[in-house]
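Engineer: Here is the input, now give the coordinates:
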Amino acid sequence: MADRDPLRRAVVEDVADGMSRIFEAADTTLVPSRAMTGSFDAALMAALRAKGFPVAVSVGRGKAFDCRVDPLEGNMYRVTVHVGDTELSRLWVLDGATAYSGGAWARRE
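Structural biologist: Residues are numbered from 1 along each chain as shown. Prediction:
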């Protein structure tokens, strides 16, 4: 669902910025918990690497990582990011060609 262009660009930038504020990029190696395929996943991984997050392929060498964008109702989406035991979530709204966050990041340890 996040491959809808304005939403993809906004969410990728927001997730990368949010993660770099919460985690020390150089000290947080990400281990994707699933195959990161598709334009959203590729853009997200590139943005995280550009922020300085190392990415590993084997468990035990970093923190499990996943990011999902789930449609809710109408033009609303929930973005959920898992980094190890930390979960971040935020609502997003896609209004035509404009995407914007629907609130602050919620963090759960």
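
Engineer: other SSEs contacting the host helix or strand of Val79?
Structural biologist: For Val79, the host element (DSSP states H and E) is strand 76-83. Applying 3 or more Cβ pairs under 8 Å, 6 or more residues apart in numbering; DSSP states H and E, we find strand 76-83 packed against helix 5-22, strand 63-71, strand 86-95. To be clear about C-beta, it is placed using only N, CA and C from the backbone, and glycine gets the same treatment.

Engineer: how about 6 Å then?
Structural biologist: strand 63-71, strand 86-95 (3 or more Cβ pairs under 6 Å, 6 or more residues apart in numbering; DSSP states H and E).

Engineer: Now do that strand: everything it contacts.
Structural biologist: For strand 76-83, contacts defined as Cβ atoms under 6 Å, 6 or more residues apart in numbering pick out 11, 15, 63, 65-72, 88-93.

Engineer: mind running it again at 8 Å?
Structural biologist: Counting by Cβ atoms under 8 Å, 6 or more residues apart in numbering, strand 76-83 makes contact with 1-2, 7, 11, 14-15, 18-19, 23, 28, 30, 33, 63-72, 87-94, 102, all of which sit outside it.

Engineer: Kindly format the C-alpha coordinates of that strand as PDB.
Structural biologist: Taking Å, rounded to 0.1, in the frame of the first residue of the first chain, the C-alpha atoms of strand 76-83 are listed here in PDB:
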ATOM      1  CA  MET A  76      -5.700   6.800   6.700                       C
ATOM      2  CA  TYR A  77      -2.700   4.500   7.200                       C
ATOM      3  CA  ARG A  78      -0.800   3.200  10.200                       C
ATOM      4  CA  VAL A  79       3.000   3.100  10.000                       C
ATOM      5  CA  THR A  80       4.500   0.600  12.400                       C
ATOM      6  CA  VAL A  81       8.300   0.300  12.900                       C
ATOM      7  CA  HIS A  82       9.900  -2.400  15.000                       C
ATOM      8  CA  VAL A  83      13.500  -2.100  16.100                       C
END
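
Engineer: Just give me how far that strand sits from the chain centre.
Structural biologist: For strand 76-83, the separation from the chain centroid amounts to 7 Å (computed by Cα atoms, centre = their mean, to the nearest Å).
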